[in-house]
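> structure of the sequence below:
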Amino acid sequence: MLILGGIIIGFLASFISALFGGGSGLIMVPSIYWLLTHAYPHSNALMQMTFTTGSCMAIPLGMMASYKHAKYKNIDGSMLRQMIFPMMFGGVIGVITIAVTSSANLKSYFSVAIALIAVWLFFHRNKGNAAHWPKCIKKTIGAIVGFISTTLGVSVFSVPLFIKFGLDIKKAIGTSTVIVLSYSAVSAISLLVLGIKIVGISHGNIGYLSLPIFLSGVIPSLLGSMIGAKVVSILPQHIMKYCFIILMLVVSGLMFISD
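From the prediction side, this is the model:
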């Protein structure tokens, strides 16, 4: 079940990530969590395992998606240089928070936060007026977004942030994809090391990392990211926005009612 689940999750999550700029966690978090509840029903670290496995899967996924977005010129170099290190710093603080927070609380935070950002994005209207804030303010906000994204295991906040800073949705998605790749790699390595110290290594896991899900999902993730990045280049922006909102609301509801 874990292997088949990994294949499906890898493809769908990578497609969503390339399409929406880092929303792979919208698929990974509830799906991996559901699989792990059946494989490790008595574990007290299900969300930590979910985040670690998802972060590791996001690395090859993000590499392919970033390449494709660069090819389609969907990356804003100035925004990337300005925000990548503050958001990575926030991600490191997020890893520390995950390590000391209970799995049940992490699940609740995830559900509520995803619903709130979906509602905000629904009512938000990008009128072309960029938020011309000082760089220090933008970087601080970026660090906070990196922290929240890592703590919740899903990076749906970067795209709305970059839209607020004046990028169109396609540039926001491409830029977000590269930055999410960067702090996902940092998160994955950090959580892997922490997990080894706490739960050790077995035939099915390395610390918090579920090997069957991770290994079975790598190749499908590459295929999904290629298709998703291509769809971004042809799909109308307003359709992408409302698909994104619907996906967030559905995932929030499913996680909220799950055991």
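> low-confidence ranges, the stretch 51-200 of the chain, go.
Within the stretch 51-200 of the chain, the stretches with pLDDT under 70 are 124-131.
> could you work out the end-to-end span of stretch 200-207 for me?
Stretch 200-207 has an end-to-end distance of 5 Å (Cα to Cα, to the nearest Å).
> could you pull out the strands for the stretch 101-250 of the chain?
Using DSSP state E, counting those that start in this stretch, the strands found in the stretch 101-250 of the chain span residues 205-206, 209-210.
> select, out of the ones you listed, the one closest to Met1.
Nearest to Met1 among the strands of the stretch 101-250 of the chain is strand 209-210 (11.6 Å), distances taken as Cβ to Cβ. (Each C-beta comes from the backbone N, C-alpha and C, glycine too.)
> and the strands of the stretch 101-250 of the chain as JSON lines, adding distance to Ile141?
Below are these laid out as JSON lines (distance: least, Cβ to Cβ, whole Å):
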{"stretch": "strand 205-206", "distance to Ile141": "34"}
{"stretch": "strand 209-210", "distance to Ile141": "31"}
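> and Leu161, which of those is closest to it?
strand 209-210 (28.6 Å).
> gap between Ile189 and Ile59?
9 Å (Cβ to Cβ, to the nearest Å).
> after the host helix or strand of Ser66, which helix or strand is next? Please name it.
Per DSSP states H and E, Ser66 falls inside helix 46-71. As assigned by DSSP H and E, the chain's next helix or strand after helix 46-71 is helix 77-100.
> and that following helix, what's buried?
By 16 or more other Cβ atoms under 10 Å, the buried positions in helix 77-100 come out as 79-80, 82-92, 94-95, 98-99.
> quick check, pLDDT for Ile257.
For Ile257, the model assigns a pLDDT of 66.
> will you turn the strands of the stretch 101-250 of the chain into CSV that also has distance to Cys243 and mean neighbour count?
What follows is these, written out as CSV (distance: least, Cβ to Cβ, whole Å; neighbours: other Cβ atoms under 10 Å):
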stretch, distance to Cys243, mean neighbour count
strand 205-206, 34, 20
strand 209-210, 29, 26
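> what's the closest of these to Phe147?
Phe147 lies closest to strand 209-210 among the strands of the stretch 101-250 of the chain, at 21.8 Å (Cβ to Cβ).
> neighbours of Ser66, how many?
Counted with other Cβ atoms under 10 Å, the neighbours of Ser66 add up to 23.
> ok, Lys71 next?
Neighbours around Lys71, by other Cβ under 10 Å: 13.
> contacting residues for the closest residue to Ile93 other than its chain neighbours?
Take Ile93 and drop its neighbours on the chain: the residue closest to it by Cβ to Cβ, 6 or more residues apart in numbering is Phe147, 5.0 Å away. Each residue near Phe147 by Cβ atoms under 8 Å, 6 or more residues apart in numbering is listed here: 90-91, 93-94, 97.
> re the thing from before, redo the strands of the stretch 101-250 of the chain as JSON lines? Include mean pLDDT and distance to Tyr72.
Below are those laid out as JSON lines (pLDDT from 0 to 100; distance: least, Cβ to Cβ, whole Å):
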{"stretch": "strand 205-206", "mean pLDDT": "88", "distance to Tyr72": "35"}
{"stretch": "strand 209-210", "mean pLDDT": "91", "distance to Tyr72": "32"}
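> for Ala13, find the nearest of those strands.
For the strands of the stretch 101-250 of the chain, proximity to Ala13 was assessed by Cβ to Cβ; strand 209-210 is nearest, at 14.2 Å.
> list the contacts of that closest one.
2, 32, 35-36, 39, 49, 52-53, 56, 191-192, 195, 204.
> now, of those residues, which are buried?
For the contacts of strand 209-210, buried by 16+ other Cβ under 10 Å: 2, 32, 35-36, 39, 49, 52-53, 56, 191-192, 195.
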